[in-house]
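**Q** Would you be able to build a 3D model of this:
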Amino acid sequence: MTTHPNPSSQSPAPELRADRDRADAATTPARPRALFVTLSPPFPPNIGGSQRTDLILRALAERFDIDALILDRPESLKPGADAYLRSICKEVHYRLPRTWDRFRPWSILRPFLGKYARSIAYRLGSPINYLRTDPDLLALVTRLHTQRRYTLSLSRYLLNTHRAGVTTLPNVRHLLDADDVDTTVLESQLHDIARASATARSPLSRLKLLARSALLRRHLRHVRAALPALYRQYHHITVCSHADESVVRALLPHPPPNNETNPSLSVLPNIAWISRDQARTNPTIQPLPSTPNSSSILVVGSWSYAPNTNGLTRFLTSVWPLILAQRPDARLLVAGGNVPPSLHHLLKHTPAVQPLGFVNAMPDAYRPAAFAIAPVYTGGGTKLKVAEAAAHARACVCTDHSYRGYERIFSPDQHLLVAHDDQAMAQHCLTLLNDPARCAQMGRAAAHQAAQHLSWPAFRSILDHASSPTSPAPTHTTS
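**A** Residues are numbered from 1 along each chain as shown. Modelled structure (predicted):
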């Protein structure tokens, strides 16, 4: 039997579709267009720094049509990254910036410096390098603005995205998500080198650390010299904590010279990642019930990130044996992918450690754990591990560095425990293992704070306010 399609179910002819699209365009008000600049796409969206990038991009997409400029090559991306970006953005462009060794005088020295040229140029280059724009990137963003007429630009991180020259675009509100303030990252590295130098056993090791410290200090001076002029080219800057807000304010001149305008600032805290479906239906992470009989401790991280790997290595070698000596039934759950070979070997040969690998649904990682730890000693910004543990109603034992930025949200001994050295880290873990009731109460109290201050609606509201045209255009500094 021959069947005939129902005419009412067929697609309209091309000319009718075109008429309908024009009619829809005439009745639907055009949304403003925004340019989003970042080093790498937020994919997978629930891992490491991609989480904040993804949440910012999705929040902006609720109000703007987004074009993304990714400062990388498309062939360098993970499978699925481009498709994920295009599910959110109108257009996606890729361009790899010139590295510092491509500018003079380093371009002349490249043949002699070989593979070290880029690192040497970065460490020893003049602060003027931070003010330089990449001519190819500038031509691209200028052409895009001419075609699309952006009303907003948002750059993730500063020292690399600034080189696209986005802040030269006229009639655009320029936002910077500084996230990790560059000076605090370098200062934490110097602090870690000083600690390592104090315990180094050989003169050669101390000499290498001294040389590295000298290079970092020089680099820090250059960054401090460059940041004020760079910051003033933006209308508004978001950071992830009040501590970083204070650092940025201290770097800005008061009053600004030559009738220039300092950018306004706001704190956009890191929050636990939620999916697009959850954001639409129930934008709150549900606290998990406590596990009073559990002796499992959870640590979560993207293990390709050196501060995470170094921190966990220190915990496994200096803290974990102290815990097992008193609680041999304790178990460490290690969630996260991209484990480097050295850490993989250590995990394999350390007793009572269970690697979970990449966990797609974070409640599955937190559910069996009594509490979580955040053993991170260097880096910038705030540690998402702390906020994520709280959102899932798990107490957290963290280093004093990991606690930085959460002082106004979580109180020590009430919502988490803060350790100032390895012995305190071990003792705090033993305290929670030996007192399940206190551990559960601390997790519930932390979850309440997270729901109040670290939620998706609050995150989106802060970003909506930051993207509103409420401040005058900054005065541009050119090199």
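
**Q** so where is the stretch 351-479 of the chain shaky, pLDDT-wise?
**A** For the stretch 351-479 of the chain, the stretches flagged by pLDDT under 70 are 470-479.

**Q** again, only this time at 80
**A** The stretch 351-479 of the chain contains residues with pLDDT under 80 at 469-479.

**Q** All the helices of it, residue numbers only.
**A** Per DSSP state H, counting those that start in this stretch, the stretch 351-479 of the chain carries helices over the ranges 362-366, 384-391, 400-403, 422-434, 436-453, 456-466.

**Q** Could you do the stretch 151-300 of the chain as well?
**A** 182-199, 203-231, 242-251, 276-281.

**Q** Compile these into JSON lines and extend it with columns for mean neighbour count.
**A** C-beta here means a position set from N, CA and C on the backbone, and glycine is covered the same way. Formatted as JSON lines, the helices of the stretch 151-300 of the chain follow (neighbours: other CB atoms under 10 Å):
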{"stretch": "helix 182-199", "mean neighbour count": "16"}
{"stretch": "helix 203-231", "mean neighbour count": "15"}
{"stretch": "helix 242-251", "mean neighbour count": "17"}
{"stretch": "helix 276-281", "mean neighbour count": "12"}
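
**Q** wait, which of those is closest to Gly165?
**A** helix 203-231 (12.0 Å; CB to CB).

**Q** any chance of the helices of the stretch 151-300 of the chain in CSV, plus mean pLDDT and distance to Gly114?
**A** Formatted as CSV, the helices of the stretch 151-300 of the chain follow (pLDDT from 0 to 100; distance: least, CB to CB, whole Å):
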stretch, mean pLDDT, distance to Gly114
helix 182-199, 86, 25
helix 203-231, 88, 18
helix 242-251, 93, 35
helix 276-281, 88, 46
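
**Q** Tabulate these (TSV), appending distance to Ile70.
**A** Listed next are these as TSV, based on distance: least, CB to CB, whole Å:
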stretch	distance to Ile70
helix 182-199	21
helix 203-231	21
helix 242-251	25
helix 276-281	20
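
**Q** so which of the ones you listed gets nearest Ala68?
**A** Judging the helices of the stretch 151-300 of the chain by CB to CB, what sits closest to Ala68 is helix 276-281, at 16.3 Å.

**Q** which ones are touching the one residue sitting closest to the centre of the chain?
**A** Of all residues in the chain, the one closest to the mean position by CA atoms, centre = their mean is Gly49, 3.3 Å from it. Contacts for Gly49 (CB atoms under 8 Å, 6 or more residues apart in numbering) come out as Asp179, Ser302.

**Q** Make residue 1 into 771 and carry on from there
**A** With the count now opening at 771, the last piece we talked about shows up as Gly819.

**Q** picking up where we left off before, right, and the helices of the stretch 1121-1249 of the chain - which one's nearest Ala995?
**A** Comparing these by CB to CB, helix 1170-1173 comes nearest, at 25.5 Å.

**Q** Other residues contacting the closest one?
**A** So helix 1170-1173 is in contact with 958, 1144-1149, 1153, 1155-1156, 1180, 1182, 1186, 1188-1190, going by CB under 8 Å, 6+ apart.

**Q** Just the buried subset of the residues you listed, please.
**A** 958, 1144-1149, 1153, 1155-1156, 1180, 1186, 1188-1189 (16 or more other CB atoms under 10 Å).

**Q** Redo these as TSV? Include distance to Arg1019.
**A** Output for these, formatted as TSV (distance: CB to CB, whole Å):
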residue	distance to Arg1019
Ser958	19
Ala1144	27
Pro1145	30
Val1146	25
Tyr1147	26
Thr1148	23
Gly1149	21
Lys1153	22
Lys1155	27
Val1156	24
Phe1180	23
Leu1186	27
Val1188	25
Ala1189	29
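
**Q** Looking at the residues you listed, which is nearest Ala995?
**A** Closest approach to Ala995 among the buried ones among the contacts of helix 1170-1173 (CB to CB): Ser958, at 19.5 Å.

**Q** Distance-wise, check that closest one relative to Ala1122.
**A** 30 Å (CB to CB, to the nearest Å).

**Q** can you check Ile1041 too?
**A** 32 Å.

**Q** do Leu1082 as well
**A** Counting by CB to CB - Leu1082 and Ala1122 are separated by 14 Å.

**Q** The two - which one has more neighbours?
**A** Leu1082 (25 against 16; other CB atoms under 10 Å).

**Q** and the helix or strand that one falls within, C-alpha only, in CSV?
**A** Here Leu1082, judged by DSSP states H and E, is contained in helix 1076-1084. Only the C-alpha atoms of helix 1076-1084 are listed here, as CSV (Å, rounded to 0.1, in the frame of the first residue of the first chain):
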residue,chain,number,x,y,z
ALA,A,1076,50.2,21.6,39.3
PRO,A,1077,48.9,23.2,42.6
ASN,A,1078,46.4,20.4,42.9
THR,A,1079,48.9,17.7,42.2
ASN,A,1080,51.6,19.2,44.4
GLY,A,1081,49.1,19.6,47.2
LEU,A,1082,47.8,16.1,47.1
THR,A,1083,51.4,14.7,46.9
ARG,A,1084,52.2,16.6,50.1
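
**Q** Does anything pack onto that helix? Which helices or strands?
**A** Packed against helix 1076-1084 by the contact rule (3 or more CB pairs under 8 Å, 6 or more residues apart in numbering; DSSP states H and E) you find helix 1111-1118.

**Q** Okay, buried residues for the helix it packs on please.
**A** Leu1113, Leu1116, Leu1117.

**Q** Checking the residue lying closest to the second one once chain neighbours are set aside next. Helix, strand or coil?
**A** Put plainly, it is Leu1116. Leaving out its chain neighbours, the residue that sits closest to Leu1116 by CB to CB, 6 or more residues apart in numbering is Leu1086, at 5.8 Å. Secondary structure, DSSP: H, G, I helix; E, B strand; the rest coil: Leu1086 is helix.
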